[in-house]
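**Student:** Need coordinates for the following:
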Amino acid sequence: MTLPFEPLLVNSLKSACVARLEELILSGELKVGERLPAERDLALRLGVSRPVLHEALVDLAVKGLVTINPRRGVVINDFRKSGSMAILSSLLSYHNGDLDPGIVSSLFSMRLLVETETARLAAKKASTDQLEELRQIVEKELAADRSSISTLVELDFDFHLLVSIASENLAYPLILNSFKTVYTHFTSAFYQKTAGSSVVNEVHTYHQNLLAALESRDVQKSVEIMRILLEHGEKLLQG
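**Tutor:** Numbering: from 1, shown residues only. Next up, the predicted model:
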């Protein structure tokens, strides 16, 4: 089978190389268990240097899409078995922003599980400085231009990330950061869908209420507000 390994003509050859190979893997043109051509041959066909190709292959290996065997070459993996969180952004790009409903539902469920726990822990462990930083984010949200989707998305992510940091569990902020691209994609879709409505104000009110619950060290209320906030967003997006 002849695959489209034509030369790449873009500024970032490594990124383009990663994107081309991801597309071939996720589309199924490159089959699970299939071995890629030797690096020298593949680099020549893609029109890149061997170092650029090797860096791209290392990126794919980190995501779990391929396995690099020094003596046996590069083999295509079943990403469902070996993939990491890093592959989520690749799936998002491959599907042009429209993920499979099953994946979307799974992401929402995971976010609910993780972030209600970060709220619970933050209510117990958030420092005075962290609570003040959260207050500053809330104040920026209230003063933000409602037509600036990028600003709203950035502040929203910063708020949730800081709650996870305040949990004092090192794993939770890493989890949020690991799928920031997907997280902010959904948040952007949410704000675009609700632009000009009262929903944005509702979200910021939830943030204010959550901050108040964290400041008063009310664990149960913090968890409940976070749960309602996340379910509120999921309902609007799914609807």
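**Student:** Phi, psi for the one residue sitting closest to the centre of the chain please.
**Tutor:** Nearest residue to the geometric centre of the chain (CA atoms, centre = their mean): Phe179, 2.1 Å. Dihedral pair for Phe179: phi -120, psi 40, per degrees, to the nearest 10.
**Student:** Work out for me the element Val75 sits within.
**Tutor:** strand 73-76 (DSSP states H and E).
**Student:** Touching, the residue nearest to the centre of the chain and Ile87? I think so.
**Tutor:** No - with contact defined as CB atoms under 8 Å, Phe179 does not reach Ile87; the gap is 9.7 Å. Heads up, the C-betas are built off the backbone N, CA and C, glycines and all.
**Student:** Show me what whichever strand or helix holds Leu176 is packed up against.
**Tutor:** If you go by DSSP H and E, Leu176 is part of helix 171-178. Applying 3 or more CB pairs under 8 Å, 6 or more residues apart in numbering; DSSP states H and E, one finds that helix 171-178 contacts helix 101-125, helix 149-166.
**Student:** if we go to 6 Å?
**Tutor:** helix 149-166 (3 or more CB pairs under 6 Å, 6 or more residues apart in numbering; DSSP states H and E).
**Student:** What mean pLDDT does the helix it packs on get?
**Tutor:** Averaging pLDDT along helix 149-166 gives 96.
**Student:** Dump it to PDB, keeping only the CA atoms.
**Tutor:** Only the C-alpha atoms of helix 149-166 are listed here, as PDB (Å, rounded to 0.1, in the frame of the first residue of the first chain):
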ATOM      1  CA  ILE A 149     -13.900  34.600  24.700                       C
ATOM      2  CA  SER A 150     -10.200  34.000  25.000                       C
ATOM      3  CA  THR A 151     -10.000  36.100  28.200                       C
ATOM      4  CA  LEU A 152     -13.000  34.300  29.800                       C
ATOM      5  CA  VAL A 153     -11.500  30.900  28.900                       C
ATOM      6  CA  GLU A 154      -8.100  31.800  30.300                       C
ATOM      7  CA  LEU A 155      -9.500  33.100  33.600                       C
ATOM      8  CA  ASP A 156     -11.800  30.100  33.900                       C
ATOM      9  CA  PHE A 157      -9.000  27.600  33.500                       C
ATOM     10  CA  ASP A 158      -6.800  29.600  35.900                       C
ATOM     11  CA  PHE A 159      -9.500  29.500  38.500                       C
ATOM     12  CA  HIS A 160     -10.000  25.700  38.300                       C
ATOM     13  CA  LEU A 161      -6.200  25.100  38.100                       C
ATOM     14  CA  LEU A 162      -5.600  27.200  41.200                       C
ATOM     15  CA  VAL A 163      -8.300  25.200  43.100                       C
ATOM     16  CA  SER A 164      -6.400  22.100  42.100                       C
ATOM     17  CA  ILE A 165      -3.100  23.600  43.300                       C
ATOM     18  CA  ALA A 166      -4.800  24.600  46.600                       C
END
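**Student:** okay, the angle between that helix and helix 171-178?
**Tutor:** Helix 149-166 and helix 171-178 are oriented at 160 degrees to each other (axes from the mean of the first three to the mean of the last three CA atoms, to 10 degrees).
**Student:** hang on, the earlier thing: any buried residues in the helix holding Leu176, and which?
**Tutor:** Under the neighbour-count criterion of 16 or more other CB atoms under 10 Å, helix 171-178 has Tyr172, Pro173, Ile175, Leu176 buried.
**Student:** The nearest residue to Phe157 once chain neighbours are set aside sits in which helix or strand?
**Tutor:** With CB to CB, 6 or more residues apart in numbering as the measure, Thr184 is the residue that lies nearest to Phe157, at 5.7 Å, once sequence neighbours are left out. For Thr184, the host element (DSSP H and E) is helix 180-194.
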